[in-house]
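# Got a predicted model here, sequence first, then my questions.
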Amino acid sequence: MTRSNAPLLETIQPNPARAKDMPYAPAVRIVGACDLMFVSGVTPSPLYHFHPHVDDEHVHPNGIGEQTDRAMKAAKEVLDSVGASWGDVVKITKYLTDIRDMDGMSRALSAYFGDWKPASTTICINQLSSPGARIELDMIVALPKKS
């Protein structure tokens, strides 16, 4: 994974021989000075939408792959605005309304992260703020210190 001009990130693998079996890193270490950016939860809804919600802005496809793709595109808007890339994401928290969607979500995420595996947590919850949304993602991103 190509990274922006950010501090060195190292994945921590207590058992390197088993790293290929995991879709995430057990931990990520940030080496050197950096800034941290916390990306608010993104869903399949547009990044910018009205509050209170307007139903027409929250019409989602049913498939978890498509919903994950939309959420990742919203997150990419944030990353692009500061010159960051997927390789700068050090932690992702994934909220699913159905834990059976985990494999489909993981497949969709791998298209973005490639070989880079940030630290990760998956949580199954009852409902998200956008009716029909099956996934929400938040992220922690390591950015280079501004000169």
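Looks like it came in fine.
# contacts for the helix or strand of the chain with the lowest mean pLDDT?
Lowest by mean pLDDT, DSSP states H and E among the helices and strands of the chain is strand 27-31, with a mean of 76. Applying C-beta atoms under 8 Å, 6 or more residues apart in numbering, the contact partners of strand 27-31 are 7-12, 90-91, 118-119, 142. For glycine as for every other residue, the C-beta is placed from the backbone atoms N, C-alpha and C.
# And for stretch 40-57?
The contact list for stretch 40-57, computed with C-beta under 8 Å, 6+ apart, reads 58, 60-61, 66-67, 70-72, 74-75, 77-78, 95, 128-131, 133-138.
# What's the PyMOL line that selects buried ones from these?
Typed into PyMOL, the line below selects the buried ones among the contacts of stretch 40-57, using 16 or more other C-beta atoms under 10 Å:
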select buried, resi 58+60+67+70+71+72+74+75+78+95+128+130+133+134+135+136+137+138
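# Take the contacts of stretch 40-57 and keep only those in strands.
Among the contacts of stretch 40-57, the members falling in strands are 95, 135-138 (criterion: DSSP state E).
# which helices and strands sit right next to the strand or helix carrying Ser110?
For Ser110, the host element (DSSP states H and E) is helix 102-113. In this structure, helix 102-113 packs against helix 64-81, strand 89-96, with contacts taken as 3 or more C-beta pairs under 8 Å, 6 or more residues apart in numbering; DSSP states H and E.
# Among those, which comes closest to Gly32?
Smallest distance to Gly32 across the helices and strands packed on helix 102-113 (C-beta to C-beta): 12.9 Å, for strand 89-96.
# Just the CA atoms of the closest one, as PDB, please.
What follows is strand 89-96, C-alpha atoms only, in PDB (Å, rounded to 0.1, in the frame of the first residue of the first chain):
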ATOM      1  CA  VAL A  89      -5.600   4.700   8.500                       C
ATOM      2  CA  VAL A  90      -4.200   3.100  11.600                       C
ATOM      3  CA  LYS A  91      -7.500   2.000  13.200                       C
ATOM      4  CA  ILE A  92     -11.000   1.300  11.800                       C
ATOM      5  CA  THR A  93     -14.100   0.500  13.900                       C
ATOM      6  CA  LYS A  94     -16.800  -1.200  11.900                       C
ATOM      7  CA  TYR A  95     -20.400  -1.200  13.200                       C
ATOM      8  CA  LEU A  96     -22.700  -3.800  11.600                       C
END
